[in-house]
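Q: Everything below, folded, please.
(one chain, ligands or ions: 1)
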Amino acid sequence: MHPNMKKVLISEEQIVQRCSELGKQISDDYRNNAQPPLLVALLKGSVPFLAELIKHIELEIQFDFMAVSSYEGTESIGDIKINKDLDCSVKGVDILLVEDIVDTGKTLQTVKAMLKNKGAASVRVVTLLDKPERRTVEIEADYVGFAVPNEFVVGFGLDFNQKYRNLPYVGVLKEECYQTTA
Ligand code: IMP
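A: Below you'll find the predicted structure:
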């Protein structure tokens, strides 16, 4: 375990197992669809989750990336800014949005509305983590890996000040590590 980590909430084995279940469920749900979904992953946090999840989807999917900023430090704030838009058109496309965590739900709500405005045929959401206690807008993901308590978590893509994304598990840092940006 990383020396700054207080506890591991979700192990690598649990994540891989859950991704395999989600991949199967997604494959079943889209199997008879006219077209396979376009996976749209939100940078940077959802990259490890996307990489694991797509191994378990038995469809000819494609993926693309968007970057939005929605928070600083440990609190979600204000409006969402688009830092990188999609490379391809989404008109008539069935989109599966890939998120690392749904916290207040504002990012998801905004991005979902934006993709629908651009003419996406449908937008569903798969998230590795869900923090239902923190929700301020009414929105739910269609596929959830794990629900987590109201604690700031890092690892498997999730960061604190851009660090800890490469940890292969999800956990909570020791209190003193959240005090400093060093
Ligand atoms: P929302 O718009 O409040 O749902 O925020 C979603 C985004 O905030 C996520 O995609 C994360 O990047 C970030 N975020 C929220 N909670 C956490 C956390 O516990 N750890 C790391 N990032 C988080």
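
Q: just checking, next helix/strand downstream of the helix or strand hosting L39?
A: L39 belongs to strand 38-43 when assigned by DSSP states H and E. Sequence-wise, the next helix or strand downstream of strand 38-43 (DSSP H and E) is helix 47-54.

Q: Return the set of buried residues in the next helix or strand after that following helix.
A: On the C-terminal side of helix 47-54, the nearest following helix or strand under DSSP H and E is strand 62-72. Judged by neighbour count using 16 or more other C-beta atoms under 10 Å, the buried positions of strand 62-72 are 63, 65-66, 68, 70. Just so you know, the C-beta spots here come from the backbone N, C-alpha and C atoms, and that holds for glycine as well.

Q: Determine whether any part of stretch 170-179 lies close to the ligand.
A: No. Using C-beta under 6 Å from any ligand atom, stretch 170-179 never reaches the ligand; the gap is at least 8.8 Å.

Q: Report the two of the buried residues of strand 62-72 separated the most.
A: Greatest spatial distance among those (C-beta to C-beta): F63 and S70, at 20.6 Å.

Q: Let's have the buried residues of strand 62-72 in a markdown table, adding pLDDT.
A: What follows is the buried residues of strand 62-72, written out as a markdown table (pLDDT from 0 to 100):
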| residue | pLDDT |
| --- | --- |
| F63 | 97 |
| F65 | 97 |
| M66 | 96 |
| V68 | 91 |
| S70 | 64 |
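
Q: Find the nearest non-adjacent residue to T136, please.
A: Once flanking residues are discounted, T136 sits nearest to T104: 4.5 Å by C-beta to C-beta, 6 or more residues apart in numbering.

Q: gap between that neighbour and P132?
A: Distance of T104 to P132, computed by C-beta to C-beta, to the nearest Å: 11 Å.

Q: ditto for L53
A: For L53 relative to P132 (C-beta to C-beta), the value is 21 Å.

Q: One more: L108?
A: To P132, L108 is 13 Å away according to C-beta to C-beta.

Q: wait, what's in contact with Y169?
A: 8-12, 15, 155-156 (C-beta atoms under 8 Å, 6 or more residues apart in numbering).

Q: for K131, that is, sorry about that
A: 101-103, 147-150.

Q: in this structure, which helix has the most residues?
A: helix 12-30 (DSSP state H).

Q: List the neighbours of that one that are in contact with it.
A: With C-beta under 8 Å, 6+ apart as the criterion, helix 12-30 contacts 36-37, 49, 52-59, 94, 96, 126, 128, 143, 145-146, 156, 168-170.
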